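*Asks:* for reference, the sequence and a predicted model appear below.
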Amino acid sequence: MKIYFKCLEIAVLASLLDACGYNDFQSKDETVKAAWDEVAN
């Protein structure tokens with residue numbers, strides 16, 4: 001039972017870290033697109 005909770009805890013932490021990275025990537029992607037739009041104008 002202890003092993004089950006430890007695995008569950010690791011899975012939850014990994015999913016939280018993964019989500020943070022994805023949001024950061026999307027934010028940076030939008031920033032780059034906006035900068036290139038300014039160059040095109």
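*Replies:* Arrived safely. Residues are numbered from 1 along each chain as shown.

*Asks:* please report how far Phe25 lies from Thr31.
*Replies:* When distance is defined by C-beta to C-beta, to the nearest Å, Phe25 is 11 Å away from Thr31. Glycine gets a C-beta too; all of them are placed from N, C-alpha and C.

*Asks:* hmm, I typed the wrong one, I wanted Lys2.
*Replies:* 44 Å.

*Asks:* of these two, which one has the most company?
*Replies:* Here Lys2 and Thr31 are compared on neighbour count by other C-beta atoms under 10 Å; more neighbours surround Thr31, at 10 against 6.

*Asks:* for that one, which three-state class applies?
*Replies:* Of the three states, Thr31 takes helix under DSSP: H, G, I helix; E, B strand; the rest coil.

*Asks:* pLDDT weak spots in this structure?
*Replies:* 17-21 (pLDDT under 70).

*Asks:* tell me where it has helices.
*Replies:* Under the criterion DSSP state H, helices of the chain are mapped to 2-40.

*Asks:* neighbours around Ser15, how many?
*Replies:* Using other C-beta under 10 Å: Ser15 sits among 10 other residues.

*Asks:* from Ala35, how far out is it?
*Replies:* Counting by C-beta to C-beta - Ser15 and Ala35 are separated by 31 Å.

*Asks:* ok, now Cys7?
*Replies:* 43 Å.

*Asks:* same check on Lys2?
*Replies:* 50 Å.

*Asks:* please apply the same query to Leu13.
*Replies:* On the measure of C-beta to C-beta, Leu13 and Ala35 end up 34 Å apart.

*Asks:* for Lys6, same thing?
*Replies:* 44 Å.

*Asks:* what's the answer for Asn23, then?
*Replies:* For Asn23, the distance to Ala35 - C-beta to C-beta - is 19 Å.

*Asks:* next one: Met1
*Replies:* Distance from Met1 to Ala35, by C-beta to C-beta: 52 Å.

*Asks:* with that, I have no additional questions.
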